[in-house]
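Student: Got a sequence here, can you model it:
(one chain, ligands or ions: 1)
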Amino acid sequence: MKKNKILIVYGTRYGATTGTAEEIAKVLQDGELDVKVVNLKKEKVRDIAEYELIVIGSGMQIDRWTRKAVGFLKRFSRELENKKVALFVSSGAQALTEHDGNPEEIGRARKKYLEEKASKYNLNPISMGLFGGIWDYNNMPFWAKKFMGPLKIKIKAAGIKETKPGVYDTRNWDAIQNWAKELAKKLANPPIVNGEMSKIAECN
Ligand SMILES: Cc1cc2nc3c(=O)[nH]c(=O)nc-3n(C[C@H](O)[C@H](O)[C@H](O)COP(=O)(O)O)c2cc1C
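Tutor: I've put the predicted structure just below:
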C-alpha cells in the first residue's frame, strides 16, 4: 500500500524545535507513515507537491517565528492553501504560564503564535501545537542576558530543573507525542463538518 508522505519543516534558533520535530517524526514513523524532516537553516525545500501533509514548526523569540519558517510560509503560501497543514511552535514561556495557571496568557500565545499565523497565510491547519522550549543561559544573545536573569527565578520556582548547568528544558514529551498521535489520526480520518473537511483546527 502507498504510504502517506509527510514533510516536517522547521526553523530554530536554540535547538529546541529540532528535538520536537524529530519526536513528532518518530511517532508518525512508528505509525508507518513516510516522513521527511527538514531544518530550514540547513536545507532548502524546492517542491512540496509530493506531500500529503506539511507540518511547519518554529521556535519563538519575542513573539516572533524564525525568519526561515516564515520564509517557507511565504514561498509556498499558495500551495499550502490547498494542502493539509499542521503548525507548531516551541515556546519557552509556555511552561511558565501553565505553572502560573494563567489561561489568558496561554490563550494569547495560542492566538498570536498559531492562529494569527494560520490566518495570515490563509491556512486551515488540521492541528496546531503549542509546546515548551529551552532556556539556555549559555547560548543567549548578549542583549537578552540582562532581562533574562530575573526570569531564571521564575523558571526555578516553576520546578523546572537544569538538564545541564544553565539549561532548562521545558518540553513535555508526552504532550508532543500525544499531539503527533492525534495528528496521525486526523490525517487518516479528517473530521467532516457540513460535508467539508473541518476548517476548525484544534489547539493542543
Ligand atoms: C531572547 C529570547 C526571547 C524569547 N522570547 C520568547 C517569547 O516571546 N515567547 C516565548 O514563548 N518564548 C520566548 N523565548 C524562549 C524560546 O521560545 C525558547 O528558547 C525556545 O526553545 C525557542 O525555540 P528554538 O530553541 O527552537 O529556537 C525567548 C528566548 C530568548 C533567548
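
Student: what kind of secondary structure is the residue nearest to Ser127 when sequence neighbours are not counted in?
Tutor: Once flanking residues are discounted, Ser127 sits nearest to Ala86: 4.5 Å by Cβ to Cβ, 6 or more residues apart in numbering. (Each C-beta comes from the backbone N, C-alpha and C, glycine too.) Secondary structure assignment for Ala86 (DSSP: H, G, I helix; E, B strand; the rest coil): strand.

Student: How about the residues of this protein by the ligand?
Tutor: 12-17, 59-63, 90-94, 133-135, 140-141, 144 (Cβ under 6 Å from any ligand atom).

Student: Could you measure from Ile153 over to Lys186?
Tutor: According to Cβ to Cβ, to the nearest Å, Ile153 stands 40 Å off from Lys186.

Student: who's more crowded, the two?
Tutor: Comparing Ile153 with Lys186 by other Cβ atoms under 10 Å, the one with more neighbours is Lys186, at 20 against 9.

Student: Contacts only, for that one.
Tutor: By Cβ atoms under 8 Å, 6 or more residues apart in numbering, Lys186 lies in contact with Ile126, Ser127.

Student: and the helix or strand where it lies, C-alpha only, in CSV?
Tutor: When elements are assigned from DSSP states H and E, Lys186 belongs to helix 173-188. Output in CSV follows, covering the C-alpha atoms of helix 173-188 (Å, rounded to 0.1, in the frame of the first residue of the first chain):
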residue,chain,number,x,y,z
TRP,A,173,7.5,14.9,25.6
ASP,A,174,4.1,13.2,26.5
ALA,A,175,2.3,16.3,25.1
ILE,A,176,4.4,16.3,22.0
GLN,A,177,3.9,12.5,21.4
ASN,A,178,0.1,12.7,22.1
TRP,A,179,-0.2,15.6,19.6
ALA,A,180,1.6,13.6,16.9
LYS,A,181,-0.6,10.6,17.6
GLU,A,182,-3.7,12.7,17.2
LEU,A,183,-2.2,14.3,14.1
ALA,A,184,-1.8,10.8,12.5
LYS,A,185,-5.5,10.0,13.4
LYS,A,186,-6.7,13.3,11.8
LEU,A,187,-4.7,12.6,8.7
ALA,A,188,-6.3,9.1,8.4
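
Student: Now do the contacts for Ile106.
Tutor: Neighbouring residues of Ile106 by Cβ under 8 Å, 6+ apart: Gln94, Thr97, Glu98, Leu130.

Student: Which residue in these has the weakest pLDDT?
Tutor: Ranked by pLDDT, the contacts of Ile106 bottom out at Glu98, which scores 85.
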